[in-house]
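Student: quick one, what's the 3D model for this:
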Amino acid sequence: MADSMAHADWKLIPEYMHGGIRRYVEHGVLPGDFLQAVICNDLFRAVERADDTNILLLARYVIFFYNYTPHECWGSADHVKAWVARGGLSGTPQSERVA
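Tutor: Now for the predicted structure:
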């Protein structure tokens, strides 16, 4: 698979968060609590789980996911659950991947 996120403006997001976003979007691997709250559109939980850097960047996450990721991978807990079951862009659910 070509780099599906190559067009994204990664400057919006702290570098230490890139891996979790890539794994989620490309392979449907659930990220940590903060990113899960962001992609589920749960503002209260996102604020509660954010570190000192990410609390100031919540709007950037919304901009990033809206502009650079498939719309069916975020927005509600049901969308996230379906995205994980699908296996992200790769289409291979985690339960079917060879270790």
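Student: burial check on Arg60, number of neighbours?
Tutor: Using other CB atoms under 10 Å, Arg60 has 15 neighbouring residues. To be clear about C-beta, it is placed using only N, CA and C from the backbone, and glycine gets the same treatment.
Student: so where's the chain shaky on pLDDT?
Tutor: Across the chain, the ranges flagged by pLDDT under 70 are 1-4, 94-99.
Student: what segments of it are helices?
Tutor: Secondary structure of the chain (DSSP state H): helices at 18-27, 33-39, 43-49, 58-68, 77-86.
Student: can you tell me the centre-most residue of this protein?
Tutor: Nearest residue to the geometric centre of the chain (CA atoms, centre = their mean): Ile21, 4.1 Å.
Student: ok, it - contacts?
Tutor: 5, 13, 31, 35, 64, 69 (CB atoms under 8 Å, 6 or more residues apart in numbering).
Student: which of those count as buried?
Tutor: The neighbour-count criterion (16 or more other CB atoms under 10 Å) marks 5, 13, 31, 35, 64, 69 among those as buried.
Student: and which of those residues is nearest Asn41?
Tutor: Each of those was checked against Asn41 using CB to CB; the closest is Leu35, at 12.1 Å.
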